[in-house]
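1. Dropping a prediction and its sequence here:
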Amino acid sequence: MNLSLTSWLERLAPGRIGSVSLPILFAGLLLTSCEKQQDTSSPKLAPTTAPTALTDWPITRGSPSLQGRVHAAVPKAPVIEWTFPLESPGTAEAAFADGAILVGDAMGILYCIDLQTRKLRWKMETGDTIQAAPAISNGRVFIGSGDKHFYALDLKTGDKIWSIEGGDKFSSAPTVVTSPDGKAEWVLLNGYDGITRCLRAEDGSIVWKYETKDFINGTPAVIDGRLIAFGGCDQVIHILNLADGSLANKIDTDAQITNSVATIGTTVYSGNHANQLVAAEADAVKLTWIYQANEFPFFTSPAVDDRNVYIGSRDKSLHAIQRSDGTRVWTFKTGGRVESSPIAFDDGIVFGSSDGRLYAANPADGTELWRLDLGEDLTASPVYAQGRIIIAGGDGTLFVINGSKD
């Protein structure tokens, strides 16, 4: 059964749909939340790096640095190539590898869909909402669920290989890395129980753990293959040593951080609940700069390119901020809140809005390149693979979008 967003919310909150704004209620149910002195120097900008394989999107934001960067031209004249019906609202970013789209939904179902045949290969039911992207590596799928479990599955069959149980839900996506000695594959995972875990991909055993004092919603970003960075509801950007999980640095911010950071070189970018986008060096005591918006917080993960940082806000806008000094470059207004994390092509920034449209903006000046009306609330983030943009909608439709590159 393919439930509409309204029907699904009515099941969870009967009698409230008429008295509460639908986008507000949807955000309250599905978005995870938490209950300075500026350094005005202008750092030398590090270049962005391309995803490992442009044809795939195996982990959230395209690469372990979580840049949301696509070194390709944005598709022109986009059209919906095909769709696939999910059984409930699409709440999570997809992943793509080995010809398969992997995406979760609000009812906790993980789907494996063949890109060429457009048919379901398999599906696996967890016990609660899947809020974040899976990771795909070496024939395995790694996925967390609101049922407090994190799973490793066989990519071909969907069979469970192993699972672990946490103290609370897993609302962030995992990052898969090679161990510093090059001998093993590790899975980096943050939990809503406030614990960062480094697991052996082979069997889920613990390599190390790091505990914070509050919830964690964002994915660990990898810096230079030696550090990881993430923000938490404790208002801190944590910098850990990848090898053993020991604390390398803590950088205080003004508010709770409820999504993933982005990194370039040793610079970390993060939005927070004080309506700020901040930049910090991994080894610094203070923030490099603070971009202050209006009264609405940033809920998306940032995307970055060689010049700017891009982040969506509940003020219905996408903001472009200069990486060097934190000054505003432009804002792009939509008809709804922007809670869909943007991805940065060479010549276009693509993101969704709760107004049901997928947009592309010119990174130079914020002018609109195109818009595509999908007719569903777009809270999930888009991904790019095999020349297609893939995004899940709030009424339970997975959209595969194609376009001319000329």
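-> Perfect, I can see it now.

2. mind showing which ranges of the chain have poor pLDDT?
-> Where the chain drops to pLDDT under 70, the residues are 1-33, 35-54, 404-406.

3. at 90 instead, please
-> 1-55, 91, 293-295, 299, 403-406 (pLDDT under 90).

4. Excluding chain neighbours, what is closest to Asp56?
-> Ala97 (4.7 Å; C-beta to C-beta, 6 or more residues apart in numbering). In this view, the C-beta of every residue, glycine as well, is placed from N, C-alpha and C.

5. From Gln67, how far out is that neighbour?
-> From Ala97 across to Gln67, the span is 18 Å (C-beta to C-beta, to the nearest Å).

6. neighbour count winner among the two?
-> Gln67 (26 against 22; other C-beta atoms under 10 Å).

7. Do I have it right that the more buried one meets Val304?
-> Yes. Taking contacts as C-beta atoms under 8 Å, Gln67 lies within contact range of Val304: 5.1 Å.

8. residues in contact with the residue nearest to Asp56?
-> By C-beta atoms under 8 Å, 6 or more residues apart in numbering, the contact set of Ala97 is Asp56, Trp57, Pro58, Ile136, Ser137, Leu155.

9. Repeat that for Ser270.
-> Counting by C-beta under 8 Å, 6+ apart, Ser270 makes contact with Gly231, Ile237, Thr253, Ile257, Val261, Ala262, Leu277, Val278, Ala280, Pro302.

10. of all the contacts of Ala97, which two lie farthest apart?
-> Spanning the widest gap among those are Trp57 and Leu155, at 14.3 Å by C-beta to C-beta.

11. what about these two, which has more around it?
-> Between Trp57 and Leu155, Trp57 has the larger neighbour count (other C-beta under 10 Å), namely 30 against 20.

12. So what sits opposite the more buried one in the bridge?
-> Beta-bridge pairing for Trp57 (DSSP bridges): Phe96.

13. From the rest of the structure, what touches stretch 233-240?
-> With C-beta under 8 Å, 6+ apart as the test, stretch 233-240 has contacts from 34-35, 196, 210, 212-217, 220, 223, 227-232, 246-258, 261, 268, 270, 272, 278, 280, 282-283.

14. Drop anything exposed from those.
-> Among those, those that count as buried by neighbour count (16 or more other C-beta atoms under 10 Å) are 34, 196, 210, 212, 215-217, 220, 223, 227-232, 248-249, 251, 253, 255-258, 261, 268, 270, 272, 278, 280, 282.

15. Looking at those residues, which are in helices?
-> Among the buried ones among the contacts of stretch 233-240, DSSP state H puts none in helices.

16. which ones among the residues you listed are found in strands?
-> Among the buried ones among the contacts of stretch 233-240, the members found in strands (DSSP state E) are 196, 210, 223, 227-231, 248-249, 251, 268, 270, 278, 280.

17. how about the nearest residue to Ile239 once chain neighbours are set aside, what does it touch?
-> Spatially, and ignoring its direct neighbours in sequence, Ile239 is nearest to Asn249 (4.0 Å; C-beta to C-beta, 6+ apart). With contact set as C-beta under 8 Å, 6+ apart, Asn249 has these partners: His238, Ile239, Ala282, Asp283, Ala284.

18. mind listing what the third one touches?
-> When you say that, I think you mean Ala282. For Ala282, the contacting residues are Ile223, Leu227, Ala229, Ile239, Ala248, Asn249, Thr266, Thr267, Val268, by C-beta under 8 Å, 6+ apart.

19. hmm, 6 Å instead?
-> By C-beta atoms under 6 Å, 6 or more residues apart in numbering, the residues touching Ala282 are Ile223, Leu227, Ile239, Thr266.

20. So the nearest residue to it once chain neighbours are set aside versus Val103, what's the distance?
-> Spatially, and ignoring its direct neighbours in sequence, Ala282 is nearest to Thr266 (4.4 Å; C-beta to C-beta, 6+ apart). Going from Thr266 to Val103 by C-beta to C-beta gives 32 Å.

21. quick one: buried residues of the lengthiest strand in the chain?
-> The longest strand of the chain (DSSP E) is strand 76-85. For strand 76-85, the buried set under the neighbour-count rule, 16+ other C-beta under 10 Å, comprises Pro78, Glu81, Phe84.

22. now the contacts of Ser270 in JSON lines, with distance to Leu374?
-> Output for the contacts of Ser270, formatted as JSON lines (distance: C-beta to C-beta, whole Å):
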{"residue": "Gly231", "distance to Leu374": "30"}
{"residue": "Ile237", "distance to Leu374": "34"}
{"residue": "Thr253", "distance to Leu374": "34"}
{"residue": "Ile257", "distance to Leu374": "29"}
{"residue": "Val261", "distance to Leu374": "28"}
{"residue": "Ala262", "distance to Leu374": "25"}
{"residue": "Leu277", "distance to Leu374": "27"}
{"residue": "Val278", "distance to Leu374": "32"}
{"residue": "Ala280", "distance to Leu374": "35"}
{"residue": "Pro302", "distance to Leu374": "23"}
